[in-house]
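> 3D, please:
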Amino acid sequence: MKQKLLTFLWAVLAVGLAQAWGQTPDFSAVNADGVTLYYKLLDSGTEVAVYPKGDPSSSTSGNRYSAEAIHIPAKVSHPNGTSYDVVAIGYRAFYYGAVKEITLPASIRTIEGEAFRFCGVREMTLPEGLTAMNGERHFTNSTMLHTVHIPASLKHIPNYAFNDCSALATVTFCRNARVDRGAGVQGYGFCGATLPTGWSR
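Numbering: from 1, shown residues only. From the prediction side, this is the model:
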């Protein structure tokens with residue numbers, strides 16, 4: 001009964017987050033790989049977040065990115081010619097993404113919850129300058145992920161961020177980072193990973 005209640009509450013939260021981010025991107029643009037990426041304008045008026053291809057509450061193939069590799073640009077041009085800084089990875093941006101390689105630019109400052117959940121990415125280098133992982137379950141259930149590099153600029157790794165990443169073998173990050181107890185110690189995640197010298201579980 002308790003598990004069913006927790007599942008229900010998480011589903012309600014997920015819907016709320018999806019509504020908070022809005023259901024549709026503002027525009028799309030083709031990147032250097034020839035992949036069409038979708039973007040949401042942020043309140044600053046000069047910045048955007050990478051957004052899901054389709055409805056973030058759906059995992060169907062038509063709503064997810066599929067490519068061998070995706071290199072996210074630091075700047076993107078709107079069809080009207082306006083240039084924007086790419087500073088965030090939106091909620092469920094690559095949820096169920098069939099992508100082996102994702103390269104993030106140095107301009108990324110925030111990653112929202114479930115951004116790479118169920119994603120096929122193998123290795124992830126989070127850029128220096130990343131300061132926030134908002135929400136939870138950023139890489140949860142990404143069972144192909146084997147290596148993660150976390151920058152010194154990120155001081156907090158939240159709950160369930162790497163939960164059930166069954167292939168995760170190496171995690172490198174600054175010893176000064178605060179790691180929530182559930183960040184990756186349930187299921188798999190940090191349990192089976194090789195951590196930096198001096199870091200204790």
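
> pLDDT at Thr60, what is it?
Note for Thr60: predicted pLDDT of 73.

> immediately after the helix or strand bottoming out on mean pLDDT in the chain, which helix or strand?
Of all helical and strand segments in the chain, the minimum by mean pLDDT, DSSP states H and E falls on helix 2-21, at a mean of 42. Downstream of helix 2-21, the first helix or strand assigned by DSSP states H and E is strand 27-30.

> given that next one, what are its sheet partners and their directions?
Sheet pairing of strand 27-30 (DSSP bridges) gives strand 36-41 (antiparallel).

> the strand it pairs with: how far from the chain's middle?
15 Å (C-alpha atoms, centre = their mean, to the nearest Å).

> what mean pLDDT does it get?
Mean pLDDT, computed over strand 36-41, is 97.

> so where do the strands sit in this structure?
Secondary structure of the chain (DSSP state E): strands at 27-30, 36-41, 47-51, 66-71, 75-77, 83-89, 98-103, 110-111, 123-125, 132-133, 147-149, 156-157, 170-172, 178-179.

> mind putting the ones you listed in TSV, distance to Thr60 and mean neighbour count included?
No exception for glycine: its C-beta is placed from N, CA and C like everyone else's. Converted to TSV, the strands of the chain look like this (distance: least, C-beta to C-beta, whole Å; neighbours: other C-beta atoms under 10 Å):
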stretch	distance to Thr60	mean neighbour count
strand 27-30	19	14
strand 36-41	16	19
strand 47-51	17	24
strand 66-71	12	15
strand 75-77	26	14
strand 83-89	21	20
strand 98-103	12	17
strand 110-111	23	22
strand 123-125	24	16
strand 132-133	26	18
strand 147-149	27	19
strand 156-157	30	16
strand 170-172	31	17
strand 178-179	34	16
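
> now Val121: closest residue in space, sequence neighbours ignored.
Nearest residue to Val121 in three dimensions, chain neighbours excluded: Ile102, at 5.2 Å (C-beta to C-beta, 6 or more residues apart in numbering).

> contacts only, for that neighbour.
Contact analysis of Ile102 by C-beta atoms under 8 Å, 6 or more residues apart in numbering lists Ala69, Ile70, Ile72, Phe94, Phe116, Cys119, Val121, Met124.

> show me where pLDDT drops low in this protein?
1-23, 59, 61, 174-177, 181-201 (pLDDT under 70).

> try 90
Applying pLDDT under 90 to the chain flags residues 1-24, 53-64, 150, 152, 155-160, 162-201.

> what about the most centrally placed residue in the chain, distance to Gly90?
For the chain, the residue nearest the mean C-alpha position is Ala115 (3.0 Å; C-alpha atoms, centre = their mean). Using C-beta to C-beta, to the nearest Å, we find Ala115 at a distance of 7 Å from Gly90.

> try Ala106
Counting by C-beta to C-beta, the gap from Ala106 to Gly90 is 18 Å.

> try Glu114
10 Å.

> between Ala106 and Gly90, who's got more neighbours?
Each of Ala106 and Gly90 has its neighbours counted (other C-beta atoms under 10 Å); Gly90 has more, 26 against 11.

> thanks a lot, see you next time.
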